[in-house]
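> sequence first, predicted model second:
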Amino acid sequence: MIDDSLTREETLAQRNREIRWVLWLVLILNLLVAVAKFAYGTFTRSVSMRADGIASMFDTVSNLVGILGMMLAARPADANHPYGHAKFETYASAVIGFMLLMAAFNVGRDAYVALASGVSDMRVDVGSYVVMLATLAINICVSHYERWEGARLRSEVLSADALHTMSDALVSVSVVVALILVQLGFTRADALCSCVVAVAILKSAFEVLRQVNKTLSDEARIDPAEVKALVLEVPCVRDCHRIRTRGTEAEVYLDLHVLVDPSMPILQAHEVGERVERALAANYPEVVEVMVHLEPDTDEERSET
């Protein structure tokens, strides 16, 4: 739980530690899941179960990437990075997205080879179901936990990793289906389900990369109409325009033009600007910096609204 009494820097540091703790916990669980599925898939000669194990192994690597990204993101601002290093979290998410693409390729390739050969010596026993159902339960719990923490901490890397883990859960579902179909005599079901696995992983990869693009392309993070409505409630503000936002979900930078009475003394106008900053900070905790451009309320300025 983030303590509201902490300074902005302390809050970001605590957030970073919490994200890394979640990633370490998930890494351990994903490693156990990966070893169990790959080992038993090899023992029973199941292409889909081994593919699922490979996908789970990519989950552990993505956890390490996320931890490294958060360690870099925690570094304070310096002369070369005056806005800090927060985007390293986004870069980590991008790496996870590309790793998902690689996983989809590997699983799809193995499925193609199995289908082309037309031969399957897969064995299905009680242990197959125990391993798959147990790991499926773990994946679902981990994915929901990461997604909840990602929303609470506004973490791109946790949200990306939650999608990664959920893709693994979908893979496990398809493997269970394959086990049932193979027992019913459909020997090619193992390879066909691996194809479904590849498509599910590919879909998750594009979702992760789509979220990454929002940050790297400086997509607006807050609705300008909401910001304008809030700012217009501040006394002495006549209008505002040119509202722009960018940054990560957890660290948003906002700038806008505020129109005031042209005859207002500079000290009073400055106080209006500070009230606008305080109002925005109180309503949008994710905003780390507000740049208020004070302008005289003239016809020229209003023409740019």
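Sure thing, it's come through.

> where do the domain boundaries of the chain fall?
Under the assignment automatic domain parsing, the domains of the chain span 8-216, 224-302.

> deepest of these, which one?
Burial of the domains of the chain is given as mean neighbour count (mean count of other C-beta atoms under 10 Å); domain 8-216 ranks first at a mean of 20. Glycine gets a C-beta too; all of them are placed from N, C-alpha and C.

> which residues does residue 221 contact?
245, 246, 247, 249, 252, 286 (C-beta atoms under 8 Å, 6 or more residues apart in numbering).

> run the last query once more with 6 Å
Residue 221 is in contact with 245, 252, counting by C-beta atoms under 6 Å, 6 or more residues apart in numbering.

> tell me where the chain has strands.
Along the chain, the segments classed as strands by DSSP state E run 239-247, 252-260, 287-296.

> and the contacts of the longest one?
Going back to what we said before, that points to strand 287-296. 251-255, 257-259, 262, 269, 273, 276-277, 280, 301.

> just the CA trace of that strand, in CSV.
Included here for strand 287-296 are C-alpha records, laid out as CSV according to Å, rounded to 0.1, in the frame of the first residue of the first chain:
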residue,chain,number,x,y,z
VAL,A,287,0.6,13.8,-13.0
VAL,A,288,4.2,14.4,-11.9
GLU,A,289,4.7,17.8,-13.5
VAL,A,290,2.3,20.6,-14.7
MET,A,291,3.4,23.4,-16.9
VAL,A,292,1.0,26.3,-16.8
HIS,A,293,1.4,29.0,-19.5
LEU,A,294,-0.4,32.1,-18.3
GLU,A,295,-1.8,34.2,-21.2
PRO,A,296,-3.9,37.4,-21.3
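
> given that strand, what are its sheet partners and their directions?
strand 252-260 (parallel) (DSSP bridges).

> what mean pLDDT does the partner strand have?
Regarding strand 252-260, the rounded mean pLDDT is 91.

> name the residues that touch it?
221, 236-247, 269, 272, 276, 286-287, 289-295, 297, 301.

> can you check stretch 102-109 too?
Stretch 102-109 has contacts (C-beta under 6 Å, 6+ apart) with 51, 55, 58, 194, 197, 198, 201, 202.

> can you list those residues in TSV and add pLDDT?
Below are the contacts of stretch 102-109 laid out as TSV (pLDDT from 0 to 100):
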residue	pLDDT
51	70
55	69
58	71
194	74
197	75
198	80
201	78
202	85
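
> could you identify the most distant pair in these?
Farthest pair in those (C-beta to C-beta) is 58 and 194. Separation: 14.8 Å.

> look up how far residue 114 lies from residue 16.
Between residue 16 and residue 114 the computed distance is 43 Å (C-beta to C-beta, to the nearest Å).

> sketch out the low-pLDDT regions of the stretch 101-250 of the chain for me.
Filtered on pLDDT under 70, the stretch 101-250 of the chain yields the residue ranges 118-124, 190.
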